[in-house]
Each structure stands twice: as structure tokens, then as C-alpha cells.
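> attaching a predicted model along with its sequence, questions to come.
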Amino acid sequence: MHHTSRLAAEFEAIDKYWSPRVIAAANGQYVKIAKVMGDFVWHSHAGEDEFFLVHRGTFVLRYRDGSRTVLKAGDFHVVPRGVEHFPSAPEETWILFVEPAQTKHAGDTETERTRSIEEQTAHLRRETSGIEG
């Protein structure tokens, strides 16, 4: 089965900040998108690297060593596995990221913003089953 979608339409379907949405899967990796604004939480992913691409806005990644990376539309960055990072966005920002399918949203850090893989893929199950909502 082949699936084509418009990235802008996928972003428009997101109604909550920091709530990733899986838009594709390939070779054991999920391609995810999220709208972000404000601060997330300090976290790391012990076994997985994270690739981030900014589609719109400004995305900031701070690190425990005091360094930070500022990404603008069209910029990308890889956070190495095991490196604690603190994502934030001073304005509404649209990000695309790629990570192994088993990667937890905020590593082992649990907050009210943490989304399970099931939550990140719920819209896919609704679309394939014909269920609205």
C-alpha cells in the first residue's frame, strides 16, 4: 500500500503542543511531527539518537554542559543517544523528527505531556478502521 500526504496538512491536524504524531514508518523508524511552544522537560534516550528538522519557527535544544543549539526553519540536528537535552520553542514551531519506533516520548521521564506510542499512532488506527474522532 502506498500513502502520500501533504506535510502542512499533517501539521494542521495537530491541536496540542508537545504531542507527537506518527506520520510514517520505515525500516523500524517512525517519522513524527509535533507543534511545540514553550518548554518541554529535561530527558534523554539511553539507546536511541534523535534527528530533528525544523519546518517552521525556532527550536532550541539545551544541554547539561551549558551549550545550546538554535534551529530555524530548514535546519536539522541529531541529539546523540544518552545525551540529556531540554527542548524549547519561543514561538509556535513545527518540527519533524525521526527515531526508532520503540523510542519513548520523553525517555524515562514521565510528565503530564508525555505521550505513549499508542497515543502517537492513534490517528493511524482511526484512519485505517474508518472510525472518526
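Structure's in. What do you need?
> quick one: residues contacting the closest residue to E10 other than its chain neighbours.
Counting by Cβ to Cβ, 6 or more residues apart in numbering, E10 lies nearest to I23, which is 5.1 Å off, once chain neighbours are set aside. The way it works is simple: take the backbone N, C-alpha and C, and place the C-beta from them, glycine included. I23 is in contact with S5, L7, E10, V31, K32, I33, counting by Cβ atoms under 8 Å, 6 or more residues apart in numbering.
> how does it look with 6 Å?
When contacts are counted by Cβ atoms under 6 Å, 6 or more residues apart in numbering, I23 touches E10, V31, I33.
> out of those, who's the most crowded?
Of the contacts of I23, I33 is surrounded by the most neighbours, 20 neighbours in total, counting by other Cβ atoms under 10 Å.
> in this structure it contacts L96, no?
Yes. Using Cβ atoms under 6 Å, I33 is in contact with L96, at 5.2 Å.
> pretty sure F76 contacts E50?
No. Judged on Cβ under 6 Å, F76 makes no contact with E50 at a distance of 10.8 Å.
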